[in-house]
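In: Below are the sequence and a predicted model for it; my questions follow.
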Number of protein chains: 2
Amino acid sequence: MNDAGAVAAVRAYIDDHRAAFLDDLAEWLRIPSVSAQPEHAADVRRSADWLAAHLRRTGFPTAEVWETEGAPAVFAEWPSEDPDAPTVLVYGHHDVQPAALEDGWDSDPFEPVVRGNRLYARGAADDKGQVLFHTLGVRAHLAATGRTAPAVNLKLLVEGEEESGSPNFRALVERHRDRVAADAVIVSDTGMWSRDTPTVCTGMRGLAECEIELSGPDQDIHSGSFGGAVPNPATAAGRLVAALHDEHERVAVPGFYDGIVELTERERQLFAELPFDEAEWLRTAKSHAPHGEAGHTTLERVWARPTAEVNGIGGGYQGAGGKTIIPSSALLKLSFRLVAGQDPERVEKAVSAWVAEQLPAGIRHTITFSGATRPCLTPLDHPALQSVARAMGRAFEQDIRFTREGGSGPAADLQDVIGAPVLFLGISVPSDGWHAPNEKVELDLLLKGVETSAYLWGDLAPH
Amino acid sequence: MNDAGAVAAVRAYIDDHRAAFLDDLAEWLRIPSVSAQPEHAADVRRSADWLAAHLRRTGFPTAEVWETEGAPAVFAEWPSEDPDAPTVLVYGHHDVQPAALEDGWDSDPFEPVVRGNRLYARGAADDKGQVLFHTLGVRAHLAATGRTAPAVNLKLLVEGEEESGSPNFRALVERHRDRVAADAVIVSDTGMWSRDTPTVCTGMRGLAECEIELSGPDQDIHSGSFGGAVPNPATAAGRLVAALHDEHERVAVPGFYDGIVELTERERQLFAELPFDEAEWLRTAKSHAPHGEAGHTTLERVWARPTAEVNGIGGGYQGAGGKTIIPSSALLKLSFRLVAGQDPERVEKAVSAWVAEQLPAGIRHTITFSGATRPCLTPLDHPALQSVARAMGRAFEQDIRFTREGGSGPAADLQDVIGAPVLFLGISVPSDGWHAPNEKVELDLLLKGVETSAYLWGDLAPH
């Protein structure tokens, strides 16, 4: 079959099956698999069970729920019939960020709704939509090529704790090292530049997260009787936040930047050539000014520079009116995005030591780190990366450019344990609202994901 | 009647009526008159109605509920039969701080319970207990002296918004200037040094309070996709908090200290002579270290130095686990204690200007001040202050010493509008837990308050 015929066959198959595919996705999105909230543990398990069943229905001979110390993952395998077929592992996650109607959603985050070209639901883009496009993709691949098994030995590993920092993922991969072995890893948990400029991502930032509890008085005390004469944990929390950065907006934790891989001039040039409109980017960021590390552009800041952000802060009275107290305690939730060359464990140690040094006498603290994620970077000239770009190029009918991703995923762990290159295939766009209210996926792009997946397995196999 | 006889008569009367008095107090404490919480507005009104009825039962010929723009106050009047009797206005408040069982109370804050010598309830000491001791006090005064009306023209003004900063109190007093006219004002809304060292307070700190709302992104955004490149309102909140003080723990808002009355060497000496045990004070403060403005003792810091305290801070995700967002907004509740020479309106202007200057581009803010309270200070050698000290001395059977109070009340407004000296009569002790869980009053001290009130009116009248 010539290329035009192959494309036509793939597209015809997708057209015929898109309605059922979207029904399946909606069914999955209705399961509130929020890994960060213990009350949703059963939902995360239900989500894993749903996916394993769905993969079996798709045709995967093997689809298993894998237990971890935390939430379950799903593994599926569909061997090729070609003896020299390479093995590819697709990575994604089936857990989602917390979401509640009152956060500003226009409709129930766990009741998917289609408005025009958009499907709104928590997880629509991050990451259930992008996991599921591979299932219709492999069926289209088979239908268009007349195969009864994929051109590659296809494996899927879909974890259940990505939104909680993947605390048990590395151990899981190490335990099942033989099962997940692959020649290449395809991560479908990123986005692309825009619907007009489709791109392949070459790396992700890593992540270290911590919660710091600060205790001052044993209970809330009167700010008149005692104010000015004892340490206030809310003040201490504010001071920690302020001390996190220096006057150049660089992270001020000693040792934080040790060993980082700096951007090359060529990479800065590639970033600078992208059709970047800062005003438009700010609209996507729902923000009103750029702000960040001196000496770097916005794209460099989000893709290639490490950060320290306050995800949450709390202490004392937050209700209506006033309450003249010195609060008993305060809470900080911090996250650090990391770039190649940074190691989460080393960053955690540096942060722990720094916090302990910052606090005054009379303020006690605990610091708890949750699952760390290592940064990841793939060389631009890797042949498998070129395959991904070609498959996307056929689906999108244009040249594919290269970006990085500011978000984090456990890609580096896969690279380490499996010893294979990690490639990023994602069709989400920045306005999809990951982690935010009204998360959505654009339906035509979701189907481009299906199509890319349908072309990719043939391109990766020996010709 | 000689002095011993007068004391015996007062004590006998109190003994006979203490049970009924405590029942009345408990009834009043059951009304959750929390002025800061709109949902308790009806309870604040119920509290005012209860008090007016109780004052009429006590014998006050006039007891009225006075409306304000906010919560109602209670005014009562009992003229003397002596043509040359001076007029005394007693001040207190019938509203209370917010309280909820889950804040750490051992029992329902609005279901008074007696354990040993202690009566536990929100408002037991601050301020319902201390308002009510005057009602049994005046009855004991009449019984012991055989009078049918007090030795002074006795007035009570009990407001309903003290815990919200008395936003309408000054206007109320100005509107009723003729009704509240007095030769001296007795404020019963303070404490004393300890049960072993009874004291009279000579001044209170003032108060300015504000709530600052900081807005960054229009909604929570992904800290991976956008982190490091837009301003974070929680970070901005932390930096504001950190910038509030300089390295000597002095308030860093420009103009904050303008015009303040510094402590004299004599006052510092008087403070230093009090039996102050810092370790014990820290236990009362439930705190683990002293901390405050350089160059001042703990007592100077809480009684005679202005402060800036964080009463509440909030922003972003505060639930279980993590959520890697840049929050859309953050909130700060700050309060400033003020000393003689500071003017709340001037401080508010200085704080407003300072906040606006601190914030980066992209962070919008609103700042809202709630009711301000002016500081107040009474000369040590004032004759009416000596009367209060003598009346307390008879009740406590020892010499009375002098302190100040770190808390705030609208005493300065009374001094301004009425043009009379303000004297402080309070029997609360520091461990009473004002504004904190498990607020209580010590029953024997409460009855010393009754007794002091019973002696005071005769001492203030011409002999």
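Out: It's in. Just so it is clear, the structure is predicted and the values come from calculations on it, not from any experiment.

In: Quick check: A:P360 touching A:N232?
Out: No: the pair A:P360 and A:N232 fails to qualify as a contact (Cβ atoms under 8 Å) at a distance of 9.7 Å. Glycine gets a C-beta too; all of them are placed from N, C-alpha and C.

In: Could you check which of these two is surrounded by more residues?
Out: When neighbours are counted by other Cβ atoms under 10 Å in any protein chain shown, A:P360 and A:N232 differ, and A:N232 comes out ahead with 36 against 14.

In: gap between that one and A:E209?
Out: The spacing between A:N232 and A:E209, counted by Cβ to Cβ, to the nearest Å, is 25 Å.

In: Over to A:I427?
Out: When distances are taken as Cβ to Cβ, A:I427 and A:E209 turn out to be 27 Å apart.

In: Check A:A389 too.
Out: Taken as Cβ to Cβ, the spacing of A:A389 relative to A:E209 amounts to 32 Å.

In: And these two? Which one has more around it.
Out: Set A:A389 next to A:E209 and count neighbours by other Cβ under 10 Å: A:E209 wins out with 27 against 21.

In: Report the beta-bridge partners for that one.
Out: The bridge-partner assignment for A:E209, based on DSSP bridges, gives A:S335, A:S370.

In: Confirm for me that it is in contact with A:L338.
Out: No: taking contact to mean Cβ under 8 Å, the distance of 10.9 Å between A:E209 and A:L338 leaves them out of contact.

In: Correct me if wrong, but A:D23 is in a strand.
Out: No: secondary structure assignment (DSSP: H, G, I helix; E, B strand; the rest coil) places A:D23 in helix, not in a strand.

In: quick one, what contacts A:K128?
Out: Contact partners of A:K128, counting by Cβ atoms under 8 Å, 6 or more residues apart in numbering or on different chains, are A:25, A:28-29, A:94, A:96.

In: Repeat the analysis, applying 10 Å as the threshold.
Out: Under the criterion of Cβ atoms under 10 Å, 6 or more residues apart in numbering or on different chains, the contact list for A:K128 reads A:25-26, A:28-29, A:31, A:33, A:47, A:50-51, A:92-96, A:112, A:121-122, A:158, A:441.

In: Give me the pLDDT value at it.
Out: Model confidence at A:K128, expressed as pLDDT, equals 98.

In: Report the separation between it and chain B.
Out: 16 Å (Cβ to the nearest Cβ, to the nearest Å).

In: Show me where chain A dips below the pLDDT cut-off.
Out: Across chain A, residues meeting the criterion (pLDDT under 70) sit at A:1-2, A:371, A:463.

In: all helices for it, in order.
Out: Assignment of helices within chain A using DSSP state H yields the ranges A:3-29, A:41-58, A:128-145, A:169-175, A:177-180, A:233-243, A:265-273, A:278-284, A:298-304, A:344-358, A:383-396, A:411-418, A:443-460.

In: among those helices, which is nearest A:R195?
Out: Taking Cβ to Cβ, helix A:443-460 is the member of these nearest to A:R195, at 6.2 Å.

In: sorry, back to before: what touches both of A:P360 and A:N232?
Out: Both A:P360 and A:N232 are contacted by A:216, A:239, B:291, under the criterion Cβ under 10 Å, 6+ apart.

In: Including distance to B:P421, could the residues you listed go into a markdown table?
Out: As requested, those are arranged in a markdown table below (distance: Cβ to Cβ, whole Å):
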| residue | distance to B:P421 |
| --- | --- |
| A:G216 | 38 |
| A:R239 | 42 |
| B:H291 | 35 |
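
In: Report how many residues lie close to A:F133.
Out: When counting by other Cβ under 10 Å, one arrives at 29 neighbours for A:F133.

In: Wait, it touches A:L447, no?
Out: Yes: the pair formed by A:F133 and A:L447 meets the contact definition of Cβ atoms under 10 Å, at 7.7 Å.

In: quick one: common contacting residues for the two?
Out: Taking Cβ under 10 Å, 6+ apart as the contact criterion, the residues that touch both A:F133 and A:L447 are A:14, A:21, A:427.

In: and stretch A:425-432, how far from the chain's centre?
Out: When C-alpha coordinates are averaged (Cα atoms, centre = their mean, to the nearest Å), stretch A:425-432 and its chain have centres 11 Å apart.

In: Okay, the residue lying farthest from the centre of chain A and chain B: tell me how far apart.
Out: Among the residues of chain A, the one whose C-alpha is farthest from the average of all C-alpha positions is A:S225, by Cα atoms, centre = their mean at 48.4 Å. The gap separating A:S225 from chain B is 5 Å, by Cβ to the nearest Cβ.

In: Spit out the contact partners of that residue.
Out: Contacts for A:S225 (Cβ under 10 Å, 6+ apart) come out as A:324, A:326, B:126, B:191, B:284-285, B:302-303, B:405-407, B:428, B:430, B:432-436.

In: residues of stretch A:256-268 that come out buried?
Out: The neighbour-count criterion (16 or more other Cβ atoms under 10 Å in any protein chain shown) identifies A:256-257, A:260, A:263, A:267-268 as the buried residues of stretch A:256-268.

In: just those now: which is nearest B:A252?
Out: When the buried residues of stretch A:256-268 are ranked by distance to B:A252 (Cβ to Cβ), A:F256 comes first, at 27.3 Å.

In: just checking, the closest one touches A:V351?
Out: Yes: with contact defined as Cβ under 10 Å, A:F256 reaches A:V351; the gap is 8.0 Å.
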